[in-house]
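J.: Sequence plus predicted model, see below.
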Amino acid sequence: HIVIGALEGQRGRLTESARHCAIAQSLLDIAPNAWLQCSLLRNEGSIALAEYRLLDATSAIRSISEHAKAHSLVREIVENDANLGYVELLRGDYERSARTLSRVIESRNSSMRAKLSALETLARVHLAVGDLTECESCLDRVDAETRHSQLHSYIARWAVLTRARLLLKCGDAEKAGSCL
């Protein structure tokens, strides 16, 4: 149910995703598992982010951090920071977001998915503060890793949108439209 919830969330079916999360929580109440609990909380936090419920998202992110630290789940701690960095971006705390996302990118405990997600979000941070060169550099790195693989297509799709925003900010509406 955790995996189905994540897949439904990626498809934009947030109500269905939340339903699967509730089922998964009822199962975890019967048979606790720290790693699965963190995954469930990540799904719930992602749903809250998609619905712009920043307080709920922040609460889920804090719960993941506490749960992961209590059970020494190092990868979960680091990868959770990718979502934290995104929330910090949404709140306009750009410096903190950049630091948080850089930790994810540089950590040897982060998966490639988490690193690419953090890198794409960092591109948005650079775009928000007007550092267009660094924004483009981050997007080029994402593109280099995702160009020949469907493995990280969700991140690649967001990178295309961020690149279009970058091109619009650079005054190249025609190129922005063609990259979409």
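T.: Arrived safely.

J.: all contacts plus neighbour counts: C-alpha atoms, from now on.
T.: Noted.

J.: give me phi/psi at Cys170?
T.: phi -80, psi 0 (degrees, to the nearest 10).

J.: just the one 4 residues further on next, same as before
T.: Here is the backbone geometry of Glu174 (degrees, to the nearest 10): phi -60, psi -50.

J.: Could you give the number of residues near it?
T.: Under the neighbour criterion other CA atoms under 10 Å, Glu174 is assigned a count of 11.

J.: confidence score at it?
T.: Looking at Glu174, its pLDDT is 93.

J.: likewise Ser137?
T.: For Ser137, the predicted pLDDT is 97.

J.: Can you list the low-confidence ranges for the chain?
T.: Applying pLDDT under 70 to the chain flags no residue at all.

J.: where along it do the helices fall?
T.: 2-10, 14-30, 34-50, 54-70, 74-90, 94-106, 112-129, 132-146, 153-169, 173-179 (DSSP state H).

J.: Need the contact partners of the third one.
T.: Going back to what we said before, that points to helix 34-50. 2, 5-6, 9, 14, 17-18, 21, 24-25, 28, 54, 56-61, 63-64, 67-68, 71, 73, 76, 80, 83, 87 (CA atoms under 8 Å, 6 or more residues apart in numbering).

J.: Of those, which count as buried by neighbour count?
T.: 2, 5-6, 9, 14, 17-18, 21, 24-25, 54, 56-58, 60-61, 63-64, 67-68, 73, 76, 80, 83, 87 (16 or more other CA atoms under 10 Å).

J.: contacting residues around Lys169?
T.: With CA under 8 Å, 6+ apart, Lys169 has no contacts at all.

J.: Let me know the distance separating it from Ala118.
T.: Distance, Lys169 to Ala118, by CA to CA, to the nearest Å: 21 Å.

J.: Count the neighbours of Val129 for me.
T.: Neighbours of Val129 (other CA under 10 Å): 12.

J.: now the one 10 residues further on
T.: Residues near Leu139, counting by other CA under 10 Å, number 26.

J.: That one contacts Glu120, correct?
T.: Yes - between Leu139 and Glu120 there is a contact under CA atoms under 8 Å: 6.3 Å.
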